[in-house]
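S.K.: Next come a sequence and a model predicted from it.
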Amino acid sequence: MMLLHLFLVVALGASAGQAPADVEQGKQLFNGMCARCHGIDGTGDEGPSLNRPTLTRAATDDALREVISDGIPDRGMPRVRRLTDNEVRQLAAYVRSLGRAAAGTTSGDAAKGRATYDKLGCAACHIIGGQGGSFGPDLTQIGVNRGPSYLRQSFLGPAEALPRGTSPIPGRGFTEYLPVRIVTGDGREVRGVRINEDPFTIQVRDSSNHFQSFRKSDTREIEKEFGKSVMPGFRGRLTDQETEDLVAFLSSLRGVK
Amino acid sequence: MRRILLGLAFGIAPIAAAAQVPAPRIVAADATPTDWLTYSGNYQSHRFSALTQINRQNVSQLKPAWIYQVRRTGIVETSPIVADGVMYITEPPSTVTALDVRSGRPLWTYTPSIPTDVIVIGSPPVNRGVAILDDTVFFGTVHGHLIALDARSGAVRWDVQVDDNKFGYYVTSAPLAIDGRIIVGVSGAEAGIRGFLDAYDPKTGRRVWRTHTVPAPGEPGSDTWSGDTWKTGGGSAWLTGSYDPALNLIYWGTGNPGPDWNGDLRPGDNLYTCSLIAISPVDGKMKWHFQFTPHDIHDWDANEIPVLFDATIDGRPRKLVAMANRNAFYYVLDRETGQFLSALPYAKQTWAERIDAKGRPVRRSGTAPSVEGTLVFPNIQGASNWPSPSYSPQTRLFYQAAREMGTYFFKGEPQYKPGEPFVAGGGRAVNGDDAWGAIRALESTTGKLKWEFKLVTPPMSGVLSTAGGLVFGGTDEGNFFALDAESGKPLWDTQLGGMIRANPMAFAVDGKEYVAIAAGYGIFVFGLP
């Protein structure tokens, strides 16, 4: 049993190029050279975050090693040429491990989850494959971008897990789908979620899914409701099995085929 | 005959329009606000325009006059120079372009041959502007060269290697041109360089002196380093300094020690990193230094623009130099002696209990980078950075784009390899809705807050103040705006459609005032209709 377990670890490690020792070595290299721009744990800073399952410029391990060795000079990513091939491999193994961290697993049944999704009426606010409402995030490839742990949290207690900085808009670590309450100059109250903002203007999607744009100087009040979500939470309203089935369904969403 | 005369007149015009900028003209820059002859507008680095045509009453009518889009990708951080009808800008990473200020049409452009394996560690591959002296334009490159171009044609007069890019030396800042000297500093502390400031002969490109910012064994200050750590000690002089022609001293800020976030190998104050140094332009000798952050471990370079002005403090007229430091304190020093006069925080900081009577910070415990991460304010890029402040001799206020943001600082293991990052750690910025910024007006002699205008994100755009009673600034979201210089009230704003990471400036041509700033991939020039 022990042998089999070891074999599995080695086999998995080899396929992904990441034995635990490599990952640990890679982490040392990363913290010394890369964290300044990409953040510790690859959470992003001046450079993009790397703690995602899919890296757009480095979809494959070869591509990732190439980006490390050749850099992206016009975007400020320096080439790293003096590492040995082994060190580049270790660095790549660590970067890959970031995208898998805390992903979690699920034992649910995706087909049954689909039924739960329909029963709860999720499609009123979410798009899958171009179909559904656009008030909430598009879920077409949510299984690529989010692991099971996050997905479970997102519908059990959505206010505890509002996404931050995953979308180019509003970007830079801003809370996405932030509920806002705006009182206009003539006393009208508008509720919705923030789409974007600058010091002079704010753009919101109101509760009937219409864009509204305001000059801040024309409003009486702008309240940002941090810690809240416009999405209903389903904690206590689903059985454990329904929860896992829904996680399995969402995890299975991996883009338009 | 008339036609011939006209032809002659037109034939002569381009020559008359070509830049002839002797040093005395730059010394007297305040007297000719139609031009913008040096990086920060004058040698005192006021980034103030004495032009009054655009003012509080009419700024709301500003309209684009012309827009120039750069031909290259990258972040456009250039601060334009305007002389005799020509605007000189840089495009990333190391291109110089001359534009007709009336139309925005390019007159010439010059791009050096940059090796594809150029090493740029510590910042994006950018350029922040040129210097002009007589009829020559000077600029630095990401491959570590200083190049002199004929201002009329862009033809190369000379091209010298400041230092070897293989070790991570590169140049992003605009040189400072003074009588008989082109002063330029280098970037590269994140690659473990040993920093310096150089002076070159404007005519020949011959290096006249080099003053290292990190002393070698035996030199004054070398007891603040141990072993060989001085060799990779950093202290880049990566932003343009200031000059007092009367005292004949240049003032230059220096950057972080290397490696950035792990100071264990370099016990001591690590002079002259994170300091302001006053240097004679004649021979490069240091007259005095003041270190803001001894033994820095947060990457709080002190390269911010030193602003020179005179004022009376405690009944005594003083020649002063002020800096809104990246470490979140606003410092006022006597610029003749380097004597510390005062320091006040201008943004949130959690690292120092106080600044003592000599100007030395008393650090709070538990603020050093750690393996598990230590939350400290200000953030890794600082409460300020390279974007310029402005000083208005009218309001006597110091305008600063302040960055309100914390960072979890992490400590890593240093590992020096030539031409590789040498930083030993990093940070995770607390960004998004947990960070913000403000344009702040500070009393110049004390740093006391007079007013602020809040921004949604920590700004990386500089500010310009004008005799029209205005302060111009920009945002990451692409807003270019004007505030009332007395009250901070917003008077005008527009959306330029790209991140603003540049400094505004002003000039006039044909009797009309214009304000210019880079945003996204463009240079935007605004005037009254």
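M.R.: Okay, I see it.
S.K.: Give the bridge partners for the residue in the stretch 351-500 of chain B positioned nearest to chain A, please.
M.R.: Residue nearest to chain A within the stretch 351-500 of chain B: residue B:426 (2.8 Å; Cβ to the nearest Cβ). (Each C-beta comes from the backbone N, C-alpha and C, glycine too.) Beta-bridge partners recorded for residue B:426 (DSSP bridges): residue B:410.
S.K.: That one and residue A:113, how far apart?
M.R.: Here residue B:426 is placed at a distance of 39 Å from residue A:113 (Cβ to Cβ, to the nearest Å).
S.K.: again, but for residue B:451
M.R.: Applying Cβ to Cβ to residue B:451 and residue A:113 gives a distance of 55 Å.
S.K.: So for these two, which sits in the more crowded spot?
M.R.: When residue B:451 and residue A:113 are compared for neighbours, residue A:113 comes out ahead with 23 against 19, by other Cβ atoms under 10 Å in any protein chain shown.
S.K.: Pull the contacting residues for that one.
M.R.: Applying Cβ atoms under 8 Å, 6 or more residues apart in numbering or on different chains to residue A:113 gives the contacts A:244, A:245, A:246, A:247, A:248, A:249, A:250, A:252.
S.K.: Now name the helix or strand holding whichever residue of the stretch 1-150 of chain B sits closest to chain A.
M.R.: Residue nearest to chain A within the stretch 1-150 of chain B (Cβ to the nearest Cβ): residue B:124, separated by 3.6 Å. Element membership for residue B:124, per DSSP states H and E: none, as it lies in no helix or strand.
S.K.: same thing with residue B:296?
M.R.: Residue-wise, residue B:296 maps onto no helix or strand under DSSP H and E.
S.K.: With adjacent residues omitted, what lies nearest to it?
M.R.: residue B:274 (4.6 Å; Cβ to Cβ, 6 or more residues apart in numbering or on different chains).
S.K.: was I right about the residue of the stretch 1-150 of chain B closest to chain A contacting residue B:75?
M.R.: Yes: taking Cβ atoms under 8 Å as the definition, residue B:124 is a contact partner of residue B:75 at 5.2 Å.
S.K.: what residues do those two have in common as contacts?
M.R.: A:76, B:92.
S.K.: And the contacts of the host helix or strand of residue A:245?
M.R.: Element membership for residue A:245 (DSSP H and E) is helix A:240-251. Residues from elsewhere that reach helix A:240-251 (Cβ under 8 Å, 6+ apart): A:106-117, A:139, A:142-143, A:146-148, A:151-152, A:155-156, A:234, A:238.
S.K.: Quick one, which of those are buried?
M.R.: Among the contacts of helix A:240-251, the ones that count as buried by 16 or more other Cβ atoms under 10 Å in any protein chain shown are A:106, A:108-110, A:112-114, A:116-117, A:139, A:142-143, A:146-148, A:151-152, A:155-156, A:234, A:238.
S.K.: Now which of the contacts of residue A:113 would you call buried?
M.R.: A:244, A:245, A:246, A:247, A:248, A:249, A:250.
S.K.: just those now: which is nearest chain B?
M.R.: Ranked by distance to chain B (Cβ to the nearest Cβ), these are led by residue A:250 at 24.4 Å.
S.K.: Could you check the pLDDT of the closest one?
M.R.: On pLDDT, residue A:250 comes in at 94.
S.K.: cool, and residue B:98?
M.R.: Confidence score, pLDDT, at residue B:98: 98.
S.K.: Also the one 5 residues further on?
M.R.: Reported pLDDT at residue B:103 in the predicted model: 97.
S.K.: How much space separates it from residue B:78?
M.R.: Residue B:103 is 19 Å from residue B:78, by Cβ to Cβ.
S.K.: Comparing the two, which shows the higher neighbour count?
M.R.: More crowded of residue B:103 and residue B:78, by other Cβ under 10 Å: residue B:78, with 29 against 10.
S.K.: element containing the more buried one?
M.R.: Applying DSSP H and E, one finds residue B:78 in no helix or strand.
S.K.: how about the residues of the stretch 151-257 of chain A near chain B?
M.R.: Neighbours of chain B within the stretch 151-257 of chain A, by Cβ under 8 Å from any Cβ of the partner chain: A:164-165, A:172-175, A:178, A:197-200, A:217, A:224, A:226.
S.K.: Tell me the one among the residues you listed nearest to residue A:131.
M.R.: Nearest to residue A:131 among those: residue A:178, at 25.8 Å, using Cβ to Cβ.
S.K.: wait, residue A:81 sits on residue A:69?
M.R.: Yes: using Cβ under 8 Å, residue A:81 makes contact with residue A:69 at a distance of 6.5 Å.
S.K.: quick one, what contacts the residue in the stretch 1-150 of chain A that chain B sits nearest to?
M.R.: Across the stretch 1-150 of chain A, the shortest distance to chain B (Cβ to the nearest Cβ) belongs to residue A:35, at 2.8 Å. Residues near residue A:35 by Cβ under 8 Å, 6+ apart: B:410, B:412, B:423, B:425, B:426, B:427.
S.K.: tell me which parts of the stretch 1-150 of chain A are close to chain B?
M.R.: Checking the stretch 1-150 of chain A against chain B by Cβ under 8 Å from any Cβ, the hits are A:28, A:31-41, A:43, A:45-46, A:73-76, A:78-83.
S.K.: Repeat the analysis, applying 6 Å as the threshold.
M.R.: A:31-33, A:35-36, A:39-40, A:43, A:45, A:74, A:76, A:78, A:82 (Cβ under 6 Å from any Cβ of the partner chain).
S.K.: and those, which are buried?
M.R.: A:31, A:32, A:33, A:35, A:36, A:39, A:40, A:43, A:45, A:76, A:78.
S.K.: which residues does the fifth one contact?
M.R.: Just to be clear, that refers to residue A:36. B:423, B:426 (Cβ atoms under 6 Å, 6 or more residues apart in numbering or on different chains).
S.K.: and the next element down the chain from the helix or strand harbouring it?
M.R.: Element membership for residue A:36, per DSSP H and E: helix A:35-38. Following helix A:35-38 in sequence order, the next helix or strand is helix A:61-70 (DSSP H and E).
S.K.: Mind checking what helix or strand follows that next one in sequence?
M.R.: Following helix A:61-70 in sequence, per DSSP H and E, is helix A:85-100.
S.K.: And that following helix, what does it pack against?
M.R.: Secondary-structure packing of helix A:85-100 (3 or more Cβ pairs under 6 Å, 6 or more residues apart in numbering or on different chains; DSSP states H and E): helix A:20-33, helix A:61-70.
S.K.: Okay then, goodbye and thanks.
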